[in-house]
Each structure stands twice: as C-alpha cells, then as structure tokens.
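S.K.: Sequence plus the predicted model coming up.
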Amino acid sequence: MSPASERHAERAAAPAVSAVPGAPRAPRRWRWLAAGALLAAALAGGLAWWRAQRAQPPAPGSRELAGMMLDPQLSEISGLAASRRHPGVLWMHDDGGNPERLFAVAENGDRLATARIEGAIKTDWEDMAAFELDGRHYLLIADTGDNGGLRRSLQLHVIEEPDKIENARLKPAWSIAFRWPDGARDCEAVAVDVARRQVLLISKKRQPPELFSLPLMPAGNALQTATRLGELAGIPEPDAQLRQNNPFRARIQGQVTAADVSPDGRTLAVMTYRYLLLYPRQPQQDWAQAVAGAPRVSELPWLPQAEALGWSADGRFLYATGEFIPAPLYRIAP
C-alpha cells in the first residue's frame, strides 16, 4: 500500500474527536489557520525579544568578533569609519603605496564596493572619520603619515558619502592643506568634533602624544597651521620586564594609531598598538582639558597591528581592526 493510501485508510478508521463532547469538529482549513496564527504570534514574540536584547546597552568592556577580514584587497587597512548614511556599512582605506580608494565593508568583514577617489593624491593615508554636517554625510581622510619626519605639508580630504553602495568614482567636497607649528611629526589619528567644527589630530611617536586642532571648514585655500592643544595623559608605560624581554614592543605599544569622537561628542576614543583609551569630556570642558585627565584604559583584543578604530553610528560600540589578512573585526563596548 502506498503512503498516500495508508494515510487515507488511517483517516477513514480514526474516530471523530472534538474538544467538547457533542461539538462539531472544526473544518481542517480553520485548524490550519489557527495553527498559523499561533506560529506567527510566537515568531513575533521571538523577534520582539531579540530586538529588545539588541536595544539593551552592552556590558562595558565587552567585546565580540563581528567578522573576519579575508579579502586580499583589505590587507593594509589603516583607517575605519562607520557610515552615517548606510546602516551596517563600514568605510575603510588602506595604507600608502596603494591606489586612492575607499572600501565599503559589511560588519562581517565582506567587501561590498570600492570607490576610487579622484583629485586627491595618496601619500600616506592613516585614518578617517565619519560625520554629519548641515544634513549631509561626510568622510574625512587624513593623509598625515610621515614615518621619516620629512613632510612639510599634509592634507585632509572630505568626501561626501555616495547615495548607493556600489563601485564608483568620488571627488573631495573640499580639502585642507596644513603644517605643524614646530616641525614635522608622524600622525595616524584624526577625529572630527562637528559641534565645534574642529578636526582633532594626535601625534604618534612623541611621548606623551600631543593633541592638535584644525578648523573643519577653513576660509579659503591657504595653508593652515595646526594649533597645539596639549598632551594626552594616562598612556600606560611598559614595565621593566617588557623593556628587557621585548624592547621593540615596549617602545611601540603606547604609540597612537587611531582616534574617533563619539557621535554624541562626549568621548574621545584613542587606539594604540595595545590599548584602548577613552577620554570623557564634561560639558564645561574643551578637549585640551579632557585629555589632560585620566582616561579609562583597557587592553585591546588580539589584533595584527592595530591601526583602525571607529565608533558605530549609534555610539553603542567601537569597531576595531588591523593590518594584514586575515584580520579580525571586533565590536567593543565602551
């Protein structure tokens, strides 16, 4: 007997059963509709629970692996910024020696698109920032790397975020040429304070690191001079054992490689090769006063040459990754 015939015979032999003696049995169609309604209600409840869990603030200091960077084109990432226009998209750029380009990357580390930047020379791009100004969404690219301490002028390029995530060619909305007030220095960390219309820059190799500022939208095209604001306090010092066993690591672990201002403008996040430092700013403080205070310090999760850091658009997480492939992409709760 076929499976269909067996099911027919079983249905014919089975006695009619109703929930209430004597009550008519509900038609099969209505029973299926009722079961479907129950299933839909259960799924809706589960979705509401998941959304509620996601809405809960993460535990301070918690970290999770969001994805892995496996694409060979992402092998020298030195700048990262979360899109303010496209949810779930991270903008990244690679180091000097590569074409002038930005990568749109998903939170799991997959490359979504590549944008070529026209009208901007790439000497040594080292960091980037995302911000919203007058209803428009922008990315600032810092061409500020100077390992040899030889550059007399440096550039910042501001790119408006494109409407779509697709391969494209983009041009700077404006650029800022500037110099340091007292001689060349290496810089791999830039951040934007939109409320003050201010660009913040942090030196890399000098200890303690120095904080500088530039106007976000200077008048005219004249060469700007960065203003020194102060020094960053609280950079952990290597202990004697590390100095003895690994002098190179001891020398570089406190060097600043990235920075970003939180979307609410209250916290400056600073990355070194080993640490994450968070400098809170009180309403009455400027950034010079904020970085002179004690930061919250935590060790970074393992990263191959940690050089890219950026706040999520909602300020709930910091994204962090490094150079080389494969490289983990982390979400870190502040």
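M.R.: Great, that's in hand.
S.K.: how about the strands in the stretch 201-334 of the chain?
M.R.: Per DSSP state E, counting those that start in this stretch, the stretch 201-334 of the chain carries strands over the ranges 210-215, 224-225, 227-231, 256-261, 267-272, 275-280, 296-299, 306-311, 318-322, 327-332.
S.K.: could you dump the ones you listed to JSON lines with distance to residue 135, mean neighbour count and mean pLDDT?
M.R.: Backbone N, C-alpha and C define where each C-beta goes, glycine included. Shown next, in JSON lines, are those (distance: least, Cβ to Cβ, whole Å; neighbours: other Cβ atoms under 10 Å; pLDDT from 0 to 100):
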{"stretch": "strand 210-215", "distance to residue 135": "20", "mean neighbour count": "20", "mean pLDDT": "98"}
{"stretch": "strand 224-225", "distance to residue 135": "25", "mean neighbour count": "16", "mean pLDDT": "98"}
{"stretch": "strand 227-231", "distance to residue 135": "28", "mean neighbour count": "17", "mean pLDDT": "98"}
{"stretch": "strand 256-261", "distance to residue 135": "19", "mean neighbour count": "27", "mean pLDDT": "98"}
{"stretch": "strand 267-272", "distance to residue 135": "24", "mean neighbour count": "24", "mean pLDDT": "98"}
{"stretch": "strand 275-280", "distance to residue 135": "28", "mean neighbour count": "20", "mean pLDDT": "98"}
{"stretch": "strand 296-299", "distance to residue 135": "33", "mean neighbour count": "14", "mean pLDDT": "96"}
{"stretch": "strand 306-311", "distance to residue 135": "20", "mean neighbour count": "27", "mean pLDDT": "97"}
{"stretch": "strand 318-322", "distance to residue 135": "25", "mean neighbour count": "26", "mean pLDDT": "97"}
{"stretch": "strand 327-332", "distance to residue 135": "28", "mean neighbour count": "21", "mean pLDDT": "97"}
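S.K.: With distance to residue 149 added, can I get the ones you listed in TSV?
M.R.: TSV is the format used below for these (distance: least, Cβ to Cβ, whole Å):
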stretch	distance to residue 149
strand 210-215	14
strand 224-225	17
strand 227-231	17
strand 256-261	16
strand 267-272	19
strand 275-280	24
strand 296-299	28
strand 306-311	19
strand 318-322	24
strand 327-332	28
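S.K.: Would you tell me which of these gets closest to residue 192?
M.R.: strand 256-261 (6.3 Å; Cβ to Cβ).
S.K.: Report the strands that pair with that closest one, each with its relative direction.
M.R.: strand 267-272 (antiparallel) (DSSP bridges).
S.K.: The strand it pairs with to strand 327-332, inter-axis angle?
M.R.: Strand 267-272 runs at 150 degrees relative to strand 327-332, counting by axes from the mean of the first three to the mean of the last three Cα atoms, to 10 degrees.
S.K.: Report the backbone C-alpha coordinates of strand 267-272 in PDB.
M.R.: Below are the C-alpha coordinates for strand 267-272, written out as PDB (Å, rounded to 0.1, in the frame of the first residue of the first chain):
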ATOM      1  CA  THR A 267      34.100  60.900  24.400                       C
ATOM      2  CA  LEU A 268      37.400  60.700  22.500                       C
ATOM      3  CA  ALA A 269      38.500  57.100  21.800                       C
ATOM      4  CA  VAL A 270      42.200  56.600  21.200                       C
ATOM      5  CA  MET A 271      43.800  53.400  20.000                       C
ATOM      6  CA  THR A 272      47.400  52.400  20.500                       C
END
